[in-house]
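Novice: Quick one: sequence and predicted model below, then my questions.
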Amino acid sequence: MAHKYQQGFFRPNNPQKYQGDTNNIVYRSSWERKFLHWCDDNPSVVKWTSEELVIPYYSQADQKKRRYFVDFVVQFKTTDGNIETHMIEIKPDAQTRAPVRGRKRAKTYLQECYDWQVNKDKWTAAIDYAKKNGMRFTIMTEYDLGIAKRNG
């Protein structure tokens, strides 16, 4: 079964907050579009970008140097007046941990293992970059975005 993802261009209501080309803000899912609206409308967000920060990393999955385009970089004004910068990745919760074989077809499981390794390598590079540059790296899932509720 093929997944249909909602994709398109986002036009901000507050373009002065966006650090980049406001005519080229792309979203690759409805979840990213929801986050774009949140960044644009939230008064605590001082500045933000979408896929403007590129971090080089080494992919162990295919033994190649690659580039990671971070989904979002957001500067927040905290309640005490400080500014915090977060690098944010939007991912389904199921992709934030190692796959389990279960009853999946071998091909499906192998693809999930490959994707998991790629994500781990990206996120390791992102965490290192964030630490060196006074930022935080955060992965947000459907639960963080209020799209789904956890059971229990």
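Specialist: Looks like it came in fine.

Novice: where along this protein do the helices fall?
Specialist: With helices called from DSSP state H, the chain shows them at 30-41, 106-132.

Novice: Setting aside sequence-adjacent positions, which residue approaches residue 24 most closely?
Specialist: Nearest residue to residue 24, sequence neighbours excluded (C-beta to C-beta, 6 or more residues apart in numbering): residue 9, at 7.3 Å. (C-beta placed from N, C-alpha, C; glycine too.)

Novice: For the longest strand along the chain, which helices and strands make contact with it?
Specialist: Determined from DSSP state E, the single longest strand within the chain is strand 83-90. Contacts defined by 3 or more C-beta pairs under 8 Å, 6 or more residues apart in numbering; DSSP states H and E place strand 83-90 against helix 30-41, strand 72-77, helix 106-132, strand 136-140.

Novice: and it, which residues are buried?
Specialist: Judged by neighbour count (16 or more other C-beta atoms under 10 Å), strand 83-90 contains these buried residues: 85-90.

Novice: Run the chain-centre distance for it.
Specialist: Distance of strand 83-90 from the chain centroid (C-alpha atoms, centre = their mean, to the nearest Å) equals 9 Å.

Novice: how much does that strand deviate in direction from helix 30-41?
Specialist: Per axes from the mean of the first three to the mean of the last three C-alpha atoms, to 10 degrees, the angle that strand 83-90 makes with helix 30-41 is 160 degrees.

Novice: To residue 63, which of the helices and strands packed on strand 83-90 lies closest?
Specialist: helix 106-132 (10.9 Å; C-beta to C-beta).

Novice: list the helices and strands that closest one packs on?
Specialist: On a contact count with 3+ C-beta pairs under 8 Å, 6+ apart, helix 106-132 meets strand 54-59, strand 64-69, strand 83-90, strand 136-140.

Novice: Run through who's touching the longest one.
Specialist: If I follow you right, that is strand 83-90. The contact list for strand 83-90, computed with C-beta atoms under 8 Å, 6 or more residues apart in numbering, reads 29, 31-32, 35, 46, 53, 70-78, 122-123, 126, 129-130, 133-141, 145.

Novice: try the last one
Specialist: Around strand 136-140, the neighbours that count as contacts under C-beta under 8 Å, 6+ apart are 35, 84-91, 96, 123, 126-127, 129-130.
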